[in-house]
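Q: Model the following, please.
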Amino acid sequence: MTRMELRAARLLLAALGLGGASALANDSTAALTTGGLVLLADADIEMRSEDLSISRERIEARYRFFNRAAVDRTVTVAFPLPELDYRESSDISVPDGDADNFLKFRTLVEGREVVAQIEQKAFLGGREVTQRLQALGVPLQPRSRAAAAALDALPKEVERLLLKEKLVRPDDYDQGKGMEHHVAPEWSLKTTYYWEQTFPAGREIAVEHAYAPSVGGSVQTGVGAKSSTAAETKDYQTRFCPDKSFIAGVAALTKKNGGAPPPEFRIAYVLKTGANWAGPIGDFRLTVDKGDAAALVSFCESGVVKTGPTRFEVHKTDFTPTRDLDILIVDAPK
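A: Prediction:
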């Protein structure tokens, strides 16, 4: 088993709650914060509607944009992927750690798939190190097996230079055959997908995009946990707005599970970029699917209506988002 596979196995155990509860009680994976399409503030292009659907498996957004100017407007539309690194101290859930497009992002305009350009830049702190890595033939994706193999293949004198530059760190481990020497990436990767989009004067166009979310998780939820500090409890309240019935539901699941708190899953989504388009979002609809009818879900939004065993909807008109969205799902014990 490679070190990437070992890491993936540990993440899977943490996400699914497998193994001894006492050994894994503090294991947690972080959710990368994702969002929608980004445009610099524009006085002419309005977002007439946004239909946003979020589940643990998929995020989909369907927009209708309208150019109220008298002439066509061609602007750059971007989808920035979350910054990615390889830190053992902060495990992150990534759908495909080997791919540049690690969230499997795709977009359609008027039903036709857009071939987006990709910009990738590697950083060490605030310093860009893209060219340094490319000159060595090291892939920029720090979580990829290709990057690990390239680092392992570097001559020892080059490895010593990279350690001195703090681009890598020692990463020795034992996989059952004695200690092995490796180095691990210390840089982070910023990736943006972008394309030039023409918005015809006085006409609507439909834009859709979809991707696999980064889902954070913990073997045991922190909601109502005796070990939670006041600051942690406040953080849950601020991010997820759990009400009394949700907290009581978690307590009931904990009791049903023999006193062990059930696992939680977290999805983070950037909503505030919707305010960059001209005016408010004319018609906004959010659908959250918790996946399992027995699971509990909580997020900070008003006007939530349950529309199915697992689905919850929010509908607003002339909506200007002022905060981002964090969704908390607590699973019932199996």
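
Q: residue furthest from the geometric center of the protein?
A: Computed with CA atoms, centre = their mean, the residue of the chain farthest from its C-alpha average is Ala70, at 37.9 Å.

Q: show me what contacts that residue?
A: By CB atoms under 8 Å, 6 or more residues apart in numbering, the residues touching Ala70 are 201-202. (C-beta placed from N, C-alpha, C; glycine too.)

Q: is it true that it lies in a helix?
A: No: with DSSP: H, G, I helix; E, B strand; the rest coil as the criterion, Ala70 is located in coil rather than a helix.

Q: Give me the distance between it and Ala206.
A: To Ala206, Ala70 is 22 Å away according to CB to CB, to the nearest Å.

Q: so where's the stretch 201-334 of the chain shaky on pLDDT?
A: The model of the stretch 201-334 of the chain has pLDDT under 70 over residues 274-276.

Q: all strands in it, in order from the N-terminus.
A: 204-211, 216-218, 264-270, 281-289, 296-299, 305-306, 311-319, 325-330 (DSSP state E, counting those that start in this stretch).

Q: could I get those strands as CSV with mean neighbour count and distance to Glu157?
A: Below are these laid out as CSV (neighbours: other CB atoms under 10 Å; distance: least, CB to CB, whole Å):
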stretch, mean neighbour count, distance to Glu157
strand 204-211, 18, 41
strand 216-218, 24, 40
strand 264-270, 22, 42
strand 281-289, 19, 53
strand 296-299, 23, 52
strand 305-306, 10, 63
strand 311-319, 16, 58
strand 325-330, 24, 47
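
Q: quick one: which of those is nearest Ser55?
A: Across these, Ser55 has its closest neighbour in strand 281-289 (4.1 Å, CB to CB).

Q: I'd guessed Glu60 sits against Glu50; true?
A: No: applying CB atoms under 8 Å, one finds Glu60 not in contact with Glu50, separated by 11.0 Å.

Q: Which one's more surrounded, the two?
A: Taking neighbours as other CB atoms under 10 Å, Glu60 and Glu50 compare with Glu50 leading, 25 against 14.

Q: Serialize the strands of the stretch 201-334 of the chain to CSV and add fields for distance to Phe240.
A: Shown next, in CSV, are these (distance: least, CB to CB, whole Å):
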stretch, distance to Phe240
strand 204-211, 22
strand 216-218, 12
strand 264-270, 8
strand 281-289, 12
strand 296-299, 5
strand 305-306, 17
strand 311-319, 14
strand 325-330, 4
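
Q: so which of those strands gets nearest Glu180?
A: Using CB to CB, those put strand 216-218 closest to Glu180, at 28.9 Å.

Q: Does anything pack onto that closest one? Which helices or strands?
A: Under the contact definition 3 or more CB pairs under 8 Å, 6 or more residues apart in numbering; DSSP states H and E, strand 216-218 sits against helix 3-16, strand 28-29, strand 264-270.

Q: okay, now the residue nearest to Cys300 when sequence neighbours are not counted: neighbour count?
A: Using CB to CB, 6 or more residues apart in numbering and skipping residues adjacent in sequence, the residue nearest Cys300 is Cys241, 3.9 Å away. Counted with other CB under 10 Å, residues neighbouring Cys241 total 15.

Q: and Cys241, what is it in contact with?
A: In this structure, Cys241 makes contact with 298-300, judged by CB under 8 Å, 6+ apart.

Q: Include distance to Arg143 when you put the residues you listed into TSV, please.
A: Converted to TSV, those look like this (distance: CB to CB, whole Å):
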residue	distance to Arg143
Ser298	30
Phe299	28
Cys300	30
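
Q: How about the contacts made by the closest residue to Asp42 other than its chain neighbours?
A: Nearest non-adjacent residue to Asp42, counting by CB to CB, 6+ apart: Ala278, 5.7 Å away. The contact partners of Ala278, by CB under 8 Å, 6+ apart, come to 42-46, 68.

Q: Tell me the one among these nearest to Leu271.
A: Distances from Leu271 to the contacts of Ala278, taken by CB to CB, are shortest for Glu46, at 16.7 Å.

Q: Alpha carbons only: can I get the longest strand seen in the chain in PDB?
A: When the chain is parsed with DSSP state E, its longest strand is strand 188-199. The C-alpha coordinates for strand 188-199 follow below in PDB (Å, rounded to 0.1, in the frame of the first residue of the first chain):
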ATOM      1  CA  SER A 188       0.000  24.500  -2.100                       C
ATOM      2  CA  LEU A 189      -1.800  24.600  -5.500                       C
ATOM      3  CA  LYS A 190      -4.200  27.300  -6.700                       C
ATOM      4  CA  THR A 191      -6.300  26.200  -9.700                       C
ATOM      5  CA  THR A 192      -8.800  28.200 -11.700                       C
ATOM      6  CA  TYR A 193     -11.000  27.200 -14.600                       C
ATOM      7  CA  TYR A 194     -12.000  30.100 -16.800                       C
ATOM      8  CA  TRP A 195     -13.400  31.000 -20.200                       C
ATOM      9  CA  GLU A 196     -14.500  34.000 -22.200                       C
ATOM     10  CA  GLN A 197     -18.200  34.200 -22.300                       C
ATOM     11  CA  THR A 198     -20.300  36.400 -24.600                       C
ATOM     12  CA  PHE A 199     -23.500  37.700 -23.100                       C
END
